[in-house]
Every structure is written in C-alpha cells, then in structure tokens.
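# Next input, structure requested:
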Amino acid sequence: MLKDYHSHTFRCKHASGDVIDYATVAAERGLQVLGVSDHTPSPDGRWNTLRMSIAELDSYDAAIESARKAYPELTILKGMECEYIEDFLDFYQEELLEKRKFDYLIAGSHFFLCRGKWTGTHSYIKGREELEAYANNVIASMASGLFAFIAHPDLFGNSYDLWDEHTLYYSRLILEAAVEYKIPLEVNAYGFRKRPKETAQGTRPPYPLTPFWELAAEYDGLSVIANSDAHQPEEIGCTAEALALINKYKLKLADLSYLERKAPLSCQK
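Residues are numbered from 1 along each chain as shown. This is a model prediction of the structure:
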C-alpha cells in the first residue's frame with residue numbers, strides 16, 4: 001500500500017497548498033493513506049513566522065474534514081508535527097489529541113534548548129555540545145510517549161558537515177533510545193530534494209545521512225518509515241529515494257496501520 005504520513009499546508013508559512021490539493025495528488029497517484037501533519041502552533045506564539053497560529057486550528061480541522069468528504073477513497077489522517085518542549089506537552093495531549101481528536105502527532109526537533117537558549121537544528125549545530133543537546137531533545141520526545149514516530153532524526157546533518165566521532169556517538173544514543181521506546185524513525189525524503197551540501201568528506205544531501213542509516217542497520221528491534229515531508233502538493237508520495245535507502249540497509253519498515261483504525265470510519269476504506 002502507498003502511504004505518506006508527513007505533509008504540510010500553507011498555514012506553516014513555508015509550504016503551499018491546502019489539504020484538498022494534497023488529497024487530489026494523493027488520489028491521482030494511488031495512495032491509500034494521506035497523513036496531514038502541519039507544524040503545530042505554539043501556545044505562546046513563538047516561531048509564529050514559521051508556524052500556524054492557534055487561531056488557524058479550526059480551519060485546519062475543517063480543511064481535513066472537507067478533503068475526507070471529497071475523497072472518500074483516501075484514508076486522510078489528521079496529524080501535527082511538534083517540537084518537544086516540556087511546557088507544551090499538556091497542550092499536545094489535551095488540545096490536539098483529546099479535544100480535537102488528532103489521529104497522531106510527530107516529533108520533529110527543529111529547535112532544542114542549548115546553553116539556556118533555543119537553538120535551530122537547520123543552521124546552528126556546529127559542535128559536540130549542540131549535538132548532545134539535540135540528541136537529548138530527540139530522546140526526551142521519545143520518552144514522552146506522545147508521538148507516533150520521530151521525523152528526520154538525522155536532521156543535524158543540515159548544519160553539522162562531517163560524520164565524525166561525535167555524530168557516531170550521539171547517533172548511537174538516538175538509535176538505542178528508539179529501540180528502547182519502540183518508536184519508529186523516519187527516513188525523510190525532503191532532504192533528497194534540497195540542495196546538496198559540499199563538505200570535506202564529499203557532496204551529500206543535507207539529510208538523510210547515509211552513515212546514520214547504515215549504523216541503524218546494526219540495531220535489532222529498530223523500525224523505520226519513509227515519508228515525503230511534502231511542502232507542495234506535487235511532492236506527495238515522493239519517497240522512492242527514501243525507500244531505496246531503507247532497502248539498501250535492509251531496515252525494518254514500521255507498521256502504522258493502527259493510526260488508520262483511529263481515523264473516522266467515513267475516511268477509511
């Protein structure tokens with residue numbers, strides 16, 4: 001079955017299209033499951049130039065319901081990609097999962113606390129201290145039990161150029177925690193669509209990091225998932241390179257069909 005659990009709408013201010021546009025492409029490409037997982041708004045309004053506002057949650061709900069009615073052949077899941085921030089956990093649980101009946105949440109560590117300040121993963125991981133803080137944030141998100149999977153756990157490769165003893169050590173911590181908490185890790189195809197990075201070790205995508213996933217193959221009990229992380233409707237279902245990486249290292253695909261059973265019957269086949 002063709003499934004894609006990671007997509008974004010215009011509400012996050014760095015993507016385009018609404019749910020209906022993604023559903024149209026998903027149906028045309030024969031997907032059975034479309035997960036809509038825009039970036040969560042922050043209860044305190046932080047990062048509001050890169051995230052939807054709290055006021056847009058109602059329209060997000062409505063857009064998903066409308067697309068479900070328009071494409072009954074699709075299972076359209078209502079999700080959200082969240083930062084792990086301890087003060088926000090009650091909001092994720094009470095507002096998103098309980099009140100609004102979200103089908104799932106994703107943990108994506110785009111920001112993490114380091115030296116008492118919130119640091120951006122995309123640009124500011126330059127040394128061991130930042131890598132440690134990033135890994136701690138990812139592992140804390142796993143331990144929370146709120147998230148269905150971890151988005152792009154190797155996102156640190158966007159700003160940390162080399163694969164070295166530090167990336168090896170903290171990658172092992174992330175992989176060990178994923179096994180311990182039984183939470184899937186995402187091979188994120190968006191990195192393949194970004195401009196390659198030129199490093200002293202050669203040219204590579206910013207992520208996924210091949211050495212990370214080669215290392216992942218050593219861990220029994222680890223499961224993975226391939227998603228497009230679509231930011232434009234035409235990117236939905238574009239996971240071929242991610243799946244090729246999974247197949248290359250014989251990684252075990254996670255079964256997230258339990259999420260589909262949580263969705264309203266009206267959007268299930």
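# And for the residue nearest the centre of the chain, nearest residue in space, chain neighbours not counted?
Nearest residue to the geometric centre of the chain (CA atoms, centre = their mean): Ala151, 3.0 Å. Spatial nearest neighbour of Ala151, chain neighbours left out: Gly108 (3.8 Å); criterion: CB to CB, 6 or more residues apart in numbering. C-beta here means a position set from N, CA and C on the backbone, and glycine is covered the same way.
# In this model Gly79 seems to touch that neighbour, though I could be wrong.
No. Checked against CB atoms under 8 Å, the pair Gly108 and Gly79 is beyond contact range at 11.2 Å.
# So between those two, which is more surrounded?
Gly108 (28 against 22; other CB atoms under 10 Å).
# where's the more buried one relative to Arg51, distance?
Distance of Gly108 to Arg51, given as CB to CB, to the nearest Å: 11 Å.
# Show me whatever sits in contact with both of those two.
His39 (CB atoms under 8 Å, 6 or more residues apart in numbering).
# so what pLDDT did the residue lying farthest from the centre of the chain get?
Most distant from the centre of the chain: Ala200, at 28.2 Å, with distances by CA atoms, centre = their mean. With respect to pLDDT, Ala200 scores 97.
# contacting residues for it?
Per CB under 8 Å, 6+ apart, neighbours of Ala200: Asp161, Leu162.
# Report the secondary structure state of His14.
Secondary structure assignment for His14 (DSSP: H, G, I helix; E, B strand; the rest coil): coil.
# low-scoring stretches of the protein, by residue?
1, 261-269 (pLDDT under 70).
# Run through the strands of it in chain order.
3-4, 33-39, 75-82, 104-107, 111-114, 117-120, 149-150, 185-188, 197-199, 202-204, 223-227, 252-253 (DSSP state E).
# Within its sheet, name the partner strands of the fourth one and how each one runs.
Sheet pairing for strand 104-107, assigned by DSSP bridges, gives strand 75-82 (parallel), strand 149-150 (parallel).
# what sits up against it?
5-6, 35, 37, 40, 77, 79-84, 92, 96-97, 138, 141-142, 144, 146-151, 186, 256, 259, 262.
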